[in-house]
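Undergrad: Quick one, fold the following:
(one chain, ligands or ions: 1)
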Amino acid sequence: MKIAVIGVGVAGAYLLNQFSDKHDIHVTGFERMQEKDHDAVCAWATCKDVMAKYAKKCGLNFEDYVLHDGKNMRVDLNGDNYVDIKLKGMICYDKLKLIKDMIRGTEIKFGKAPKKDILESQFDLIIDSTGFHRNYLPRLEYEMWIPCVQYKVKYEPNNLPFDDFYLKSFPSMSGYFWYFPLGNGYAHIGAGDFTRKNHNYFVEEFFKKYKCEFIKKNGRPVRISPPSKSEPFTDNLKTIGVGESIGTVYPLLGEGIIPSTICADLFIKNYDNFPSYREQVLKYFNIYSLVFKFIMMKITGTFKLFKNCYDLLRIYNYMKNNEDRYGMQIKMFDMMKVSRV
Ligand SMILES: Cc1cc2nc3c(=O)[nH]c(=O)nc-3n(C[C@H](O)[C@H](O)[C@H](O)COP(=O)(O)OP(=O)(O)OC[C@H]3O[C@@H](n4cnc5c(N)ncnc54)[C@H](O)[C@@H]3O)c2cc1C
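TA: Sure, this is the predicted structure:
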């Protein structure tokens, strides 16, 4: 069987690694960036224990990629109003290096975004793992995404703005500003805002306050509409979506590394059965639909604590039961404070 994996991000790299172990499959990757420019546009924060499991499946030791091991995340709600969240495994890691190690030895054509009809004539199965772009799947009738801007910067190690994770939440939970440490004075600083009002302003104000050396600027939108709103996953011919292309991003946090890797793992287990893959994705990411509904109610100003308290309680219970998955201690008091922003 000849498989084409289009887009070499977290999902694509995991698919290439796992398919290349199967003796009856010949897999080829296509990445539109040139090899020298290949980047992982992302703040690189994830949960250590979960990613360690998937790295191990690829024969890699996740500890080798950890850049900063978080202890505390300050969520600034407005000046003196903040919550300190105790971290339980949230880290920043070298995402690009892990991707490069996952694809080592696999066949990849860099600088290539091939046309679909050409792929169809050459491959039995085409996987769209192009993330936000979703170029090879039918257009979505409804989708929601948040524009983001991000910088990689360097501070003098004795002059850091923060020594751990820092977030500033925007009004109505429309997005947030982030400062994620990468070790040795490096950090990812960025922001995303649904209303497009705050993200550039906050980043610029931060740079005026804390001078730094600029290493790189990038950014792209992040899809927050969940898999239930990202159907069809397939064109009903040879193409199927995996990862952010079908909405595997936790909408509350804009966190897509682990969900997209889990989605890729579900696909590996079901690549010969699209209906089963679809069913398992919708089941696994079902809670994302509720979280997305909550975020949209907050953004549109229709969230009412009394009326919607049951939804908030379900999200709290889900996160409380999955503290190890999200790498942070979840407290009802914190959640109530954050949801009032
Ligand atoms: C600024 C920013 C910060 C983020 N920070 C975090 C974070 O800290 N933690 C977290 O968990 N999540 C974060 N996310 C979300 C996370 O990065 C994504 O959800 C996740 O990487 C999705 O993985 P993917 O493999 O599906 O897609 P991607 O990682 O987006 O990979 C898609 C790949 O496809 C390539 N491509 C696109 N179109 C084509 C084409 N036509 N042909 C060939 N190649 C193509 C792209 O160049 C890219 O390499 C962030 C997102 C953004 C935008």
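
Undergrad: CA atoms for contacts and neighbours, from now on please.
TA: Noted.

Undergrad: Next one, pLDDT for L119 please.
TA: Listed pLDDT for L119 reads 97.

Undergrad: Kindly report the same for the one 5 residues further on.
TA: D124 is assigned 97 on the pLDDT scale.

Undergrad: likewise K168?
TA: pLDDT, K168: 94.

Undergrad: Identify the residue spatially nearest to it, adjacent ones excluded.
TA: Counting by Cα to Cα, 6 or more residues apart in numbering, K168 lies nearest to D76, which is 4.6 Å off, once chain neighbours are set aside.

Undergrad: these two touch, right, that neighbour and F165?
TA: No: assessed by Cα atoms under 8 Å, D76 is found out of contact with F165, at 11.0 Å.

Undergrad: of these two, who's got more company?
TA: The neighbour count for D76 versus F165, taken as other Cα atoms under 10 Å, is higher for F165 (26 against 19).

Undergrad: The more buried one: what's it in contact with?
TA: The contact partners of F165, by Cα atoms under 8 Å, 6 or more residues apart in numbering, come to 70, 72-74, 178-181.

Undergrad: residue contacts, C148?
TA: Listed by Cα under 8 Å, 6+ apart, the contact set of C148 reads 190-193, 199, 219-222.

Undergrad: again, only this time at 10 Å
TA: Shown in contact with C148 (Cα atoms under 10 Å, 6 or more residues apart in numbering): 42, 175-177, 190-194, 196, 199-200, 218-222.

Undergrad: for the stretch 101-250 of the chain, what spans make up the helices?
TA: Secondary structure of the stretch 101-250 of the chain (DSSP state H, counting those that start in this stretch): helices located at 116-122, 199-209.

Undergrad: How about residues contacting the longest one?
TA: So the one you mean is helix 199-209. 147-151, 161, 168, 170, 175-179, 189-193, 210, 213-214.

Undergrad: of those, list those near the ligand.
TA: With Cα under 6 Å from any ligand atom as the criterion, the contacts of helix 199-209 include 148-150 near the ligand.

Undergrad: quick one: which of those sit in strands?
TA: 148-150 (DSSP state E).

Undergrad: who's in contact with the residue nearest in space to the middle of the chain?
TA: Central residue of the chain (Cα atoms, centre = their mean): G256, 2.0 Å from the mean position. For G256, the contacting residues are 10-11, 42, 45-46, 131, 222-224, 243-244, 247-250, 262, by Cα under 10 Å, 6+ apart.

Undergrad: Just those residues: which are in strands?
TA: Those of the contacts of G256 lying in strands (DSSP E): 45-46, 222-223.

Undergrad: Which among those residues count as buried?
TA: 45-46, 222-223 (16 or more other Cα atoms under 10 Å).

Undergrad: okay, these in a markdown table with pLDDT and distance to the ligand next?
TA: Output for these, formatted as a markdown table (pLDDT from 0 to 100; distance: Cα to the nearest ligand atom, whole Å):
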| residue | pLDDT | distance to the ligand |
| --- | --- | --- |
| A45 | 98 | 4 |
| T46 | 98 | 5 |
| V222 | 97 | 5 |
| R223 | 97 | 7 |
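
Undergrad: picking that back up, neighbour-wise, give me the winner out of the contacts of F165.
TA: The most crowded member of the contacts of F165, judged by other Cα under 10 Å, is P181 (30 neighbours).

Undergrad: Quick check, that one in contact with I91.
TA: Yes: at 8.9 Å, P181 counts as touching I91 under the criterion of Cα atoms under 10 Å.

Undergrad: shared neighbours of these two, anything?
TA: Residues touching both P181 and I91 (Cα under 10 Å, 6+ apart): 44-45, 67-70, 164-165.

Undergrad: Between which two of those residues is the distance greatest?
TA: Greatest spatial distance among these (Cα to Cα): W44 and D164, at 13.8 Å.

Undergrad: Next, show the common contact partners of the two.
TA: Shared contacts of W44 and D164, counting by Cα under 10 Å, 6+ apart, come down to 91, 180-182.

Undergrad: Just the shared contacts of P181 and I91: which are in strands?
TA: 45, 67-69, 165.

Undergrad: Which member of the residues you listed is positioned nearest G301?
TA: Closest to G301 out of those is F165 (28.0 Å), distances taken as Cα to Cα.

Undergrad: Could I get the pLDDT score of the closest one?
TA: 98.

Undergrad: Could you do L182 as well?
TA: With respect to pLDDT, L182 has a value of 98.

Undergrad: roughly how far apart are it and the ligand?
TA: According to Cα to the nearest ligand atom, to the nearest Å, L182 and the ligand sit 11 Å apart.

Undergrad: With S121 instead?
TA: Counting by Cα to the nearest ligand atom - S121 and the ligand are separated by 17 Å.

Undergrad: Would you mind measuring from that residue to A4?
TA: Using Cα to Cα, to the nearest Å, S121 is found at 11 Å from A4.

Undergrad: More neighbours: which of those two?
TA: More neighbours surround A4 than the other of S121 and A4, with 23 against 8 (other Cα under 10 Å).

Undergrad: Does the more buried one lie in a helix or a strand, and which?
TA: Under the criterion of DSSP states H and E, A4 resides in strand 2-6.

Undergrad: One more: I91?
TA: Going by DSSP H and E, I91 is part of strand 90-93.

Undergrad: Remind me what that strand packs against, helices and strands.
TA: When contacts are defined as 3 or more Cα pairs under 10 Å, 6 or more residues apart in numbering; DSSP states H and E, strand 90-93 sits against strand 45-47, helix 48-57, strand 66-69, strand 165-169, strand 175-183, helix 323-326.

Undergrad: Appreciated, that's everything.
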